[in-house]
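A.B. asks: Fold the following, please.
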Amino acid sequence: MFAPFVGFVMPFVLGAKGSAWAWRNGRWTSVEHFQRVQRTWAIWGVVAMVGSLALFGLLILGVVLGVSTLLNESEPYKLAVVRLQASPQAIERLGAPITAGSAGGSIKTDDGKGDGSADLTFTATGPKGDGKVFVKAVRDADMWRLTGLRLTPAGQEQALDLARPEANVVDLRLKTSNAGEAKTTFKAGEEAVLPQFTPSGVPAGTTLIADWTKLKAAGGEADDTFYQSKVVLDDVAKNLISFTVTFKDGWRAGRYRVTVSGDGIPPKSATFTVAP
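C.D. replies: Okay, here's the model as predicted:
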């Protein structure tokens with residue numbers, strides 16, 4: 001019969017009553033003999049206890065290190081580290097290169113079905129700072145994919161969502177109308193120049209801005225940003241977006257640049273010439 005309470009209490013009972021029981025049941029030549037044997041047993045008892053605790057600590061440490069090693073070698077952890085180290089947002093906050101710490105958390109898999117899930121955390125350190133990374137991943141048909149990757153820089157409460165595709169402006173080109181051909185040279189007197197592009201990974205509610213700049217001639221006046229166009233996306237845009245600047249008397253000859261940007265979106269520029 002297993003009696004855990006008795007097992008826990010017995011060392012204390014033996015400590016309190018053991019000497020009396022040993023004196024009554026042992027054969028001792030003198031009190032000094034009894035005390036000398038008791039001291040020897042006490043020393044060996046302490047050694048045994050310390051050894052047991054050390055062995056237990058090593059066992060726990062081995063289990064922890066073993067679990068950590070398995071997590072660090074897992075596919076979800078490797079996917080998260082690659083995405084983290086390549087993320088412009090993470091590099092902006094932490095600097096580069098970014099070093100990932102050991103992972104903690106759990107991974108559950110069903111090899112029979114080929115599915116599973118992972119919920120991990122680890123630290124990240126760069127030249128500019130450090131932070132904590134939170135990872136969620138799922139496995140479907142033996143293939144892992146990230147469903148969540150958040151970085152919380154040290155000293156900040158708001159986490160950066162690194163799992164969302166990077167917002168970007170794709171295929172910026174210039175036309176005179178939506179149906180026209182893309183070109184980089186326009187004729188003086190033409191009324192409209194229309195930059196056209198496709199937002200990629202840009203969330204709803206994002207304000208996109210187009211800054212129009214006249215470039216200086218060699219030895220001439222400085223660059224002059226003379227106009228700004230804005231549009232707010234009411235949905236996650238996948239279609240073409242256009243900004244148009246129209247002059248009643250037409251565009252004047254010169255070199256120009258239009259730069260499209262937005263919150264969290266790297267600026268994208270296109271340069272064009274208006275010929276006399």
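A.B. asks: For residue 78, which three-state class applies?
C.D. replies: At residue 78 the chain is in helix, as set by DSSP: H, G, I helix; E, B strand; the rest coil.
A.B. asks: cool, and the one 4 residues further on?
C.D. replies: Secondary structure, three-state DSSP: residue 82 is helix.
A.B. asks: And for residue 40?
C.D. replies: Under three-state DSSP, residue 40 comes out as helix.
A.B. asks: all helices of the stretch 51-200 of the chain, in order?
C.D. replies: With helices called from DSSP state H, counting those that start in this stretch, the stretch 51-200 of the chain shows them at 75-86, 88-94.
A.B. asks: Make CSV from those and add mean neighbour count to it.
C.D. replies: For the C-beta atoms, the positions are set from N, CA and C on the backbone; glycine is no exception. What follows is those, written out as CSV (neighbours: other CB atoms under 10 Å):
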stretch, mean neighbour count
helix 75-86, 19
helix 88-94, 18
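A.B. asks: which stretch among those helices comes nearest residue 49?
C.D. replies: helix 75-86 (38.6 Å; CB to CB).
A.B. asks: just how off-centre is that closest one within its chain?
C.D. replies: 8 Å (CA atoms, centre = their mean, to the nearest Å).
A.B. asks: got the CA positions of it in CSV?
C.D. replies: Coordinates of each C-alpha in helix 75-86 appear next as CSV, following Å, rounded to 0.1, in the frame of the first residue of the first chain:
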residue,chain,number,x,y,z
GLU,A,75,10.1,23.4,-37.4
PRO,A,76,7.8,26.1,-35.8
TYR,A,77,10.7,27.6,-33.9
LYS,A,78,12.9,27.6,-37.0
LEU,A,79,10.2,29.2,-39.1
ALA,A,80,9.7,31.9,-36.5
VAL,A,81,13.4,32.7,-36.2
VAL,A,82,13.8,33.1,-40.0
ARG,A,83,10.8,35.4,-40.3
LEU,A,84,11.9,37.4,-37.3
GLN,A,85,15.5,37.9,-38.6
ALA,A,86,14.2,39.0,-42.0
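A.B. asks: quick one: low-confidence parts of the stretch 1-150 of the chain?
C.D. replies: Filtered on pLDDT under 70, the stretch 1-150 of the chain yields the residue ranges 1-31, 33-35, 37-38, 41, 45, 57-68, 112.
A.B. asks: which residues in it form strands?
C.D. replies: Ranges of strands in the stretch 1-150 of the chain, per DSSP state E, counting those that start in this stretch, are 99-100, 104-110, 115-126, 129-140, 143-153.
A.B. asks: how many degrees apart are the last one and strand 115-126 in direction?
C.D. replies: Right, the one you point to is strand 143-153. Here strand 143-153 runs at 30 degrees with respect to strand 115-126, directions being taken by axes from the mean of the first three to the mean of the last three CA atoms, to 10 degrees.
A.B. asks: Name the residues of strand 143-153 that are buried.
C.D. replies: By neighbour count on 16 or more other CB atoms under 10 Å, the buried set for strand 143-153 is 144, 146, 149, 150, 151, 152, 153.
A.B. asks: The fourth one too?
C.D. replies: Neighbour-count burial for strand 129-140, counted by 16+ other CB under 10 Å, picks out 130, 131, 133, 134, 135, 136, 137, 139.
A.B. asks: same check, this time on the third one
C.D. replies: Buried residues in strand 115-126, counted by 16+ other CB under 10 Å: 116, 117, 118, 120, 122, 124, 125, 126.
A.B. asks: Could you do the second one as well?
C.D. replies: Within strand 104-110, the residues that qualify as buried are 105, 107, counting by 16+ other CB under 10 Å.
A.B. asks: by how many degrees do that strand and strand 129-140 diverge?
C.D. replies: Going by the same axes, to 10 degrees, strand 104-110 makes 10 degrees with strand 129-140.
A.B. asks: Each with direction, which strands does strand 104-110 pair with?
C.D. replies: Applying DSSP bridges to the sheet, strand 104-110 is found paired with strand 115-126 (antiparallel).
A.B. asks: which residues are in contact with the strand it pairs with?
C.D. replies: 71, 74, 76-77, 80, 84, 90-91, 93-110, 130-141, 144, 151 (CB atoms under 8 Å, 6 or more residues apart in numbering).
A.B. asks: In CSV: the strands of the stretch 1-150 of the chain, plus distance to residue 167.
C.D. replies: Conversion of the strands of the stretch 1-150 of the chain to CSV gives the following (distance: least, CB to CB, whole Å):
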stretch, distance to residue 167
strand 99-100, 24
strand 104-110, 28
strand 115-126, 21
strand 129-140, 20
strand 143-153, 15
